[in-house]
Every structure is written in C-alpha cells, then in structure tokens.
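# need coordinates for the following:
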Amino acid sequence: LIRNAQSSLDLQYYIVHDGISTRMLVDELLKAADRGVRVRILLDDTTSDGLDQIIATLAAHPKVQIRLFNPLHLGRSTGVTRAMGRVF
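I've put the predicted structure just below:
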C-alpha cells in the first residue's frame, strides 16, 4: 500500500519498537515522502520508547508530520517511571 500511495498516507501506532520491520517501514515511508506523498503519523509517546532518532529522521522530511499522543513533557517514560506512577 505504501509503495502505491499517490497523495497521502495516514498511520497510527500504539506500540512501536526498533527493529527490522520498523526500519523497513520507515524506509518505505521516506521513499513515499520523496515521491511527494504526504505522510502523517500518530504515535503513542508512552509506548514508543527508544525511537527518538527514527522519529527525528522522519520529522526532518518536509512531507512528513508526526504527532504524539500522550506526550511526556519530562522526557520519555521508562519502566521505572511507569512503576512509580502505580505506587503514588
């Protein structure tokens, strides 16, 4: 579907981890953006740990928009901060 997109792609992900499939997806999204396709991505910030570099690479492209749902203003969440949230 990404390879055949002509005008826009809208994606929403709850959990994203760095790995082969994520890197392949990012590569295809950047190729689509290079073809002039508008790419919009909605990510849940609390479950997208460790993706800062990938997000920055995508966001640097003028045809890519990234929005974060549940943005953490104090930095990325960790297992420790999640556990502490349950304590208090």
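# so what's the residue count around Ser8?
Residue crowding around Ser8 was assessed by other CB atoms under 10 Å; the count is 11. Every residue, glycine included, has its C-beta placed from N, CA and C.
# thought it was touching Arg38?
Yes. The pair Ser8 and Arg38 qualifies as a contact (CB atoms under 8 Å) at a distance of 4.4 Å.
# those strands in this structure, which residues are they?
Along the chain, the segments classed as strands by DSSP state E run 8-13, 38-44, 64-69.
# and the last one, what does it pack against?
If I follow you right, that is strand 64-69. With contacts taken as 3 or more CB pairs under 8 Å, 6 or more residues apart in numbering; DSSP states H and E, strand 64-69 sits against helix 20-34, strand 38-44, helix 52-59.
# how about the first one: buried residues?
Within helix 20-34, the residues that count as buried by 16 or more other CB atoms under 10 Å are 25-26, 28-30, 32-33.
# switch these over to a markdown table; also include pLDDT and distance to His61.
As requested, the buried residues of helix 20-34 are exported to a markdown table (pLDDT from 0 to 100; distance: CB to CB, whole Å):
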| residue | pLDDT | distance to His61 |
| --- | --- | --- |
| Leu25 | 94 | 14 |
| Val26 | 94 | 10 |
| Glu28 | 98 | 13 |
| Leu29 | 97 | 9 |
| Leu30 | 97 | 6 |
| Ala32 | 98 | 10 |
| Ala33 | 98 | 5 |
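# contacting residues for Asn70?
44-46 (CB atoms under 8 Å, 6 or more residues apart in numbering).
# just name the closest of these to Ile55, please.
Of all the contacts of Asn70, Ile55 sits closest to Asp45, with 9.6 Å by CB to CB.
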